[in-house]
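[1] from the sequence below, what's the structure:
(4 chains)
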There are 2 protein chains.
Amino acid sequence: MPTLEDPVAQLRDAGLRVTRPRLAVIEALGRQPHADADTIAEAARDELGTVSTQAIYDVLKAFTAVGLVRRIEPAGSPARFELRVGDNHHHVVCRSCGVIADVDCAHGSAPCLTASNDHGFSIDEAEVTYWGICPDCAATTALEPSI
Amino acid sequence: MPTLEDPVAQLRDAGLRVTRPRLAVIEALGRQPHADADTIAEAARDELGTVSTQAIYDVLKAFTAVGLVRRIEPAGSPARFELRVGDNHHHVVCRSCGVIADVDCAHGSAPCLTASNDHGFSIDEAEVTYWGICPDCAATTALEPSI
DNA sequence: GGGTTAATCTTGAATGATTCCAGAAAAGGT
DNA sequence: ACCTTTTCTGGAATCATTCAAGATTAACCC
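    The predicted structure is shown next:
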């Protein structure tokens, strides 16, 4: 019952070599969606013992290039990565702690929105980022009105 | 006929002191919307002779804090700044050269979109970034099929 | 099962944007 | 004019990310 496709097959399908660092990155992302490079590196090291930071960046770049993962860069935080599910979904970002949650796209496939005036650009994607406060931070703030 | 509000008045209204670097930044932004910190610094230096990079960042931070300018950070480029016009508009970014153009929001005031599932977040803004190729880059690419 | 080759990983240093710090300068209220 | 607070200067520090060169190793071939 592979809810997640077999990682090895995923790599092969993408035309990428199967290496331990790559498998570790896939697994790390499966466990922590929206992780940044550093978090992924730590997770990979927990599993493999040691992996260079550079390897993580290379792996993430290779994955992004073939569309295995999607790179998102919310303003104010380092780049985050997520296993791409093929759908074109969006994100809610907490202004306070930076956590990210997925939001399904209400309009189907990309581009899910049409620009009112495209200025002659040929648009292929509409990326939506919702900004707000997550439930946890809202609760905390309520308790500490002003430091 | 102040199409742009008087910069001095803008600063005073915002409760900020009126200084030469600040006026220079406002003017630079008026001339080049979507400029990054470095570009603004250069423009300010052209006008004032010399200004520290730090001063530019401080000014931009102060302006952003009071809502005089809006900071946008498209993935892959340094932060850009624009004079906030109060409306809640969006941006089209060229994947090739990075130029940014404004796109009016079709839905009025922020947040102009409603998340399909907000995960309990209290959302105050929906930021939309359209990605594509600008007319100039499209023309160039057409001429040079593949380098 | 070895050998070959190109892709991948390691180590270490470099870059670019941005921020931190401490002191000097200057804006505005009294 | 004077004083207080904000703002600006100069220089160093930080963080995420990338570059470079050589060592490994996965995958394909015989």
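
[2] from here on, just use CA atoms for contacts and neighbour counts.
    Will do.

[3] run me through the strand neighbours of the longest strand along chain A, direction for each.
    In chain A, with assignment by DSSP state E, the single longest strand is strand A:122-133. Counting by DSSP bridges, the strands paired with strand A:122-133 are strand A:90-94 (parallel), strand B:122-133 (antiparallel).

[4] buried residues, that strand. List them.
    For strand A:122-133, the buried set under the neighbour-count rule, 16 or more other CA atoms under 10 Å in any protein chain shown, comprises A:122-123, A:125-133.

[5] C-alpha coordinates for it, PDB please?
    C-alpha atoms of strand A:122-133 as PDB (Å, rounded to 0.1, in the frame of the first residue of the first chain):
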ATOM      1  CA  SER A 122       3.000  35.000 -20.900                       C
ATOM      2  CA  ILE A 123       2.000  33.800 -17.500                       C
ATOM      3  CA  ASP A 124       2.300  30.200 -16.600                       C
ATOM      4  CA  GLU A 125       1.800  30.200 -12.900                       C
ATOM      5  CA  ALA A 126      -0.100  32.100 -10.200                       C
ATOM      6  CA  GLU A 127       1.400  31.600  -6.800                       C
ATOM      7  CA  VAL A 128      -0.800  32.600  -3.900                       C
ATOM      8  CA  THR A 129       0.500  33.100  -0.400                       C
ATOM      9  CA  TYR A 130      -1.900  33.900   2.400                       C
ATOM     10  CA  TRP A 131      -0.400  35.700   5.300                       C
ATOM     11  CA  GLY A 132      -1.800  35.600   8.800                       C
ATOM     12  CA  ILE A 133      -1.400  34.300  12.300                       C
END
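
[6] ok, residues contacting that strand?
    By CA atoms under 8 Å, 6 or more residues apart in numbering or on different chains, the surrounding residues in contact with strand A:122-133 are A:74, A:90-96, A:110-114, B:92, B:115, B:121-135.

[7] quick revisit: in a markdown table, list the buried residues of strand A:122-133 along with pLDDT and distance to B:D58.
    Below are the buried residues of strand A:122-133 laid out as a markdown table (pLDDT from 0 to 100; distance: CA to CA, whole Å):
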| residue | pLDDT | distance to B:D58 |
| --- | --- | --- |
| A:S122 | 92 | 36 |
| A:I123 | 91 | 35 |
| A:E125 | 87 | 34 |
| A:A126 | 88 | 32 |
| A:E127 | 91 | 30 |
| A:V128 | 91 | 29 |
| A:T129 | 93 | 26 |
| A:Y130 | 93 | 27 |
| A:W131 | 93 | 24 |
| A:G132 | 93 | 25 |
| A:I133 | 94 | 26 |
